[in-house]
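Trainee: here is my input, please return the structure:
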Amino acid sequence: MKNEDIQSFKWLFECWLRCMGRKAPKGILTDQCASIQRAIELCMPIIIPWWCIWHIIKKIPNKLNGYKGHDKIE
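Mentor: Residues are numbered from 1 along each chain as shown. Have a look, this model is predicted:
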């Protein structure tokens, strides 16, 4: 999407729900984008957003970079 803001994701989810006969899924797999999370809360408050493990694992080296010298963490 060109704009990854709350309003854009809200529009997307509302269109998707309309196409699905207003039936929301039980869960949805996303990355850790705050805009997506908020749009889900607004459009489909009863579903459970799951974070994609691939995105979590991809961020580990960057998040733990300062701990490279600690054998126990590696």
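
Trainee: please count neighbours and contacts with C-alpha atoms only from this point.
Mentor: Will do.

Trainee: tell me which element the closest residue to K23 other than its chain neighbours is part of?
Mentor: Using Cα to Cα, 6 or more residues apart in numbering and skipping the chain neighbours, the partner closest in space to K23 is L17 (6.3 Å). Using DSSP states H and E, L17 maps to helix 6-19.

Trainee: report the mean per-residue pLDDT for that helix.
Mentor: On average, the pLDDT along helix 6-19 is 96.

Trainee: remind me what the next helix-or-strand element following it packs against, helices and strands.
Mentor: Next along the chain after helix 6-19, taking DSSP H and E as the criterion, comes strand 27-30. Packed against strand 27-30 by the contact rule (3 or more Cα pairs under 8 Å, 6 or more residues apart in numbering; DSSP states H and E) you find strand 48-51.

Trainee: after the strand it packs on comes which helix or strand?
Mentor: Next along the chain after strand 48-51, taking DSSP H and E as the criterion, comes helix 53-63.

Trainee: now that following helix, how far from the centre of its chain.
Mentor: In terms of Cα atoms, centre = their mean, to the nearest Å, the centre of helix 53-63 is found 14 Å from the chain centre.
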